[in-house]
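Chemist: Curious how this folds, go ahead:
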Amino acid sequence: MVSFSGGRSSAALTFMAAEEGLLDAGRGDIVLFANTSAEHPGTYEFAAECKRRIETEFGLPFFWLEFTTVEDAWRGEYWRKLSYRLVKPIPIEDDPEGFRSTGELFEDLVSLQGMLPNVHSRTCTAKLKLYPSHLLLSEWLGGTEGPAHSGHYWSVSDDGTRGGGSCQPRSSRKPLCARTRNRITRISNPQG
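Modeler: Take a look at the predicted model:
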């Protein structure tokens, strides 16, 4: 994996590694550009051109990704969870799947944390670049067919359980359920 910053040094090293045959798409090598939404407009143009060239000349996947938060629910309570989204190298104003460029991601991060990043708490790099990259890589290298679904997609019942209250205690004589990575799965039926 090559972390591409959008700068000239990063581009030079990426192209050098590709030209020398050090990067191989067949091995799973990829190039990542983690957008902070606060880059200079010229950086976005340069990164888009590098993406085009890396993909066409060397056949390497080049992903643009962004930090995002998604709403999730557990036991009737909602919270924001860190995630990422893959974006196209087109401004979001021109395409809903495009990148953000007016500081929205930084605002989301400050809203989530309730504090500004500072020299003692360097959360910009950790949350805007490293965490989204780690999530994507864990899915990429984990062999999944695509990004895991993040966010709530279960109904939350009045009793606070997900899936419309389908998980009940054994005494209710209804199916037992187990929680496995954002899914509720039936594991037994006490009635036979």
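
Chemist: can you point me to the longest helix in the protein?
Modeler: helix 41-58 (DSSP state H).

Chemist: Can you give me the buried ones in that helix?
Modeler: Of the residues in helix 41-58, 43-44, 46-48, 50-51, 54, 58 count as buried by neighbour count, 16 or more other C-beta atoms under 10 Å. Using the backbone N, CA and C atoms, a C-beta is placed for each residue, glycine as well.

Chemist: and what of stretch 70-82?
Modeler: 70, 72-74, 81-82.

Chemist: right, and the helix or strand after the longest helix of the chain?
Modeler: strand 62-74 (DSSP states H and E).

Chemist: so that next one versus helix 41-58, what angle?
Modeler: Going by axes from the mean of the first three to the mean of the last three C-alpha atoms, to 10 degrees, strand 62-74 is angled at 110 degrees with respect to helix 41-58.

Chemist: May I have strand 62-74 as PDB, with CA atoms only?
Modeler: Extracted C-alpha coordinates of strand 62-74, given in PDB (Å, rounded to 0.1, in the frame of the first residue of the first chain):
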ATOM      1  CA  PHE A  62      -5.800   4.100  -6.900                       C
ATOM      2  CA  PHE A  63      -8.500   4.900  -4.300                       C
ATOM      3  CA  TRP A  64      -9.600   8.300  -3.000                       C
ATOM      4  CA  LEU A  65     -11.200   8.000   0.400                       C
ATOM      5  CA  GLU A  66     -12.600  10.200   3.000                       C
ATOM      6  CA  PHE A  67     -13.300  10.100   6.800                       C
ATOM      7  CA  THR A  68     -17.000  10.000   7.500                       C
ATOM      8  CA  THR A  69     -19.200   9.200  10.400                       C
ATOM      9  CA  VAL A  70     -22.300   7.000  10.200                       C
ATOM     10  CA  GLU A  71     -25.200   6.700  12.600                       C
ATOM     11  CA  ASP A  72     -25.400   3.300  14.400                       C
ATOM     12  CA  ALA A  73     -27.800   2.000  17.000                       C
ATOM     13  CA  TRP A  74     -27.600  -0.400  19.900                       C
END
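
Chemist: How far does that strand sit from its chain's centre?
Modeler: Centroid displacement of strand 62-74 relative to its chain, using C-alpha atoms, centre = their mean, to the nearest Å, is 4 Å.

Chemist: which helices and strands sit right next to that strand?
Modeler: strand 31-35, helix 41-58, strand 77-91, helix 104-113, helix 131-141 (3 or more C-beta pairs under 8 Å, 6 or more residues apart in numbering; DSSP states H and E).

Chemist: Out of the ones you listed, which gets nearest to E20?
Modeler: Within those, the stretch nearest E20 is helix 41-58; the backing value is 10.8 Å (C-beta to C-beta).

Chemist: Please enumerate residues in contact with the closest one?
Modeler: 4, 6-8, 11, 14-15, 18-19, 23, 25, 31, 33, 39, 60-62, 64, 89, 91, 99, 101 (C-beta atoms under 8 Å, 6 or more residues apart in numbering).
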